[in-house]
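Colleague: my questions concern the predicted model and sequence given below.
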Amino acid sequence: MSTKILFGFHAVTVRLKTAPGSVIDVHVDSGRRDARMRQFVSRAQEAGAKLVDSSDDHLSRLAGTPRHQGVVARVAPVPQQHSLDAVLDALDPAAGAPLLLALDGVTDPHNLGACLRVADGAGAHAVLAPKDHAVGLNATVAKVASGAAETVPYLMVTNLARSLNELKERDVRVIGFSDDAEATLYDADLRGPVALVLGAEGTGMRQLTRRTCDQLLRIPMAGAVESLNVSVASAVCLYEALRQRRQG
């Protein structure tokens, strides 16, 4: 049976909550018994998880990093939706119009983890990225995502522009963000089915991705800096869509 590693309180707690049967065992720092660890151990026991006392060195070897917070879990993969069609077909129309985030060229796992966390918080239905210009889901992404890597489908597609065109065929409007766009985020109606497309900081979207967009917008910048980190930009855009949908 193939296994994967999750580490950190948030990532492991979400897996215990959403798919406790997939948790093989949970290794905890035998020298840490503060309130947060006691609360986590109690939740893990309630979920029926097998707990293993481990040293800090052993936890670091399991996680591949010393930044594990004293919690490392070995888990079995959880089946997830692997296509745009599956994600869109599974949506409940009563729950609102599709809201998707597409990331073009985001290769840093910390950025991806933060984007997934934002997507979960704003209620996005999936995050898309090209297979050859993106980071995959790994333990660092899962740690930074604080559990969102378990709840938000992350679809790595062969051709991002083609996938965006497929979304357009399903009446999903594709909106890209670029510093040189004339209209701003706050000029757009984001209440309908939309996919918000952001590129990596500095390079932005690739030209083919840009040409695929139905509309280009920019985030207005009032200070001295010229752009935002992609995870921050994702938060600004997704939460503006959420605000409009709740008001509408």
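Modeller: Sure thing, it's come through.
Colleague: sort out which residues of the longest helix along the chain are buried, please.
Modeller: Looking across the chain with DSSP state H, the single longest helix is helix 230-247. Residues 230-235, 237-238, 240-242, 245 are the ones in helix 230-247 that count as buried (16 or more other CB atoms under 10 Å). All C-beta spots, glycine's among them, are computed from the backbone N, C-alpha and C.
Colleague: could you say what helices and strands it packs with?
Modeller: If you count contacts as 3 or more CB pairs under 8 Å, 6 or more residues apart in numbering; DSSP states H and E, helix 230-247 packs onto strand 99-104, helix 109-122, strand 194-199.
Colleague: residue 17 should be in a strand, yeah?
Modeller: No: assigned with DSSP: H, G, I helix; E, B strand; the rest coil, residue 17 falls outside any strand and is helix.
Colleague: can you name the element that comes right after the lowest-mean-pLDDT helix or strand in the chain?
Modeller: Every helix and strand of the chain was ranked by mean pLDDT, DSSP states H and E. The lowest is helix 148-151, at a mean of 82. As assigned by DSSP states H and E, the chain's next helix or strand after helix 148-151 is strand 154-157.
Colleague: mind giving me the domain split of the chain?
Modeller: 4-75, 84-247 (automatic domain parsing).
Colleague: give me the pLDDT value at the most centrally placed residue in the chain.
Modeller: The centroid of the chain falls nearest to residue 116 when counting by CA atoms, centre = their mean (1.5 Å). Looking at residue 116, its pLDDT reads 95.
Colleague: list the residues that contact it.
Modeller: Residue 116 makes contact with 127, 141, 145, 148-149, 152, 154 under the criterion CB atoms under 8 Å, 6 or more residues apart in numbering.
Colleague: need those in a markdown table with neighbour count and distance to residue 25, can you?
Modeller: Shown next, in a markdown table, are the contacts of residue 116 (neighbours: other CB atoms under 10 Å; distance: CB to CB, whole Å):
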| residue | neighbour count | distance to residue 25 |
| --- | --- | --- |
| 127 | 25 | 29 |
| 141 | 23 | 22 |
| 145 | 29 | 22 |
| 148 | 25 | 23 |
| 149 | 25 | 20 |
| 152 | 24 | 25 |
| 154 | 22 | 25 |
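Colleague: nearest to residue 183, of those?
Modeller: Sorting the contacts of residue 116 by distance to residue 183 puts residue 127 at the head of the list, at 23.9 Å, by CB to CB.
Colleague: end-to-end on stretch 132-152?
Modeller: 20 Å (CA to CA, to the nearest Å).
Colleague: no no, stretch 224-233
Modeller: Start-to-end, stretch 224-233 (CA to CA) is 16 Å.
Colleague: mean confidence for it?
Modeller: pLDDT averaged over stretch 224-233 gives 89.
Colleague: quick check: residue 225 is in a helix.
Modeller: No: under three-state DSSP, residue 225 sits outside any helix and is assigned coil.
Colleague: that one: how many residues sit nearby?
Modeller: Residue 225 is flanked by 7 other residues according to other CB atoms under 10 Å.
Colleague: what do you get for residue 210?
Modeller: Neighbours of residue 210 using other CB under 10 Å come to 18.
Colleague: you'd agree it is up against residue 174?
Modeller: No: the pair residue 210 / residue 174 is not scored as a contact, 10.4 Å apart, by CB atoms under 8 Å.
Colleague: where does pLDDT dip in the chain?
Modeller: Low-confidence segments of the chain, defined by pLDDT under 70: 1, 79-82, 248.
Colleague: run the last query once more with 80
Modeller: Within the chain, the segments meeting pLDDT under 80 span 1-2, 77-82, 92-95, 147, 201-203, 226, 248.
Colleague: so which residues of it form strands?
Modeller: 4-7, 23-29, 51-54, 71-75, 99-104, 126-130, 154-157, 173-177, 194-199, 215-217 (DSSP state E).
Colleague: and the fourth one, what does it pack against?
Modeller: In terms of contacts (3+ CB pairs under 8 Å, 6+ apart), strand 71-75 is packed against strand 4-7, helix 9-18, strand 23-29, helix 56-63.
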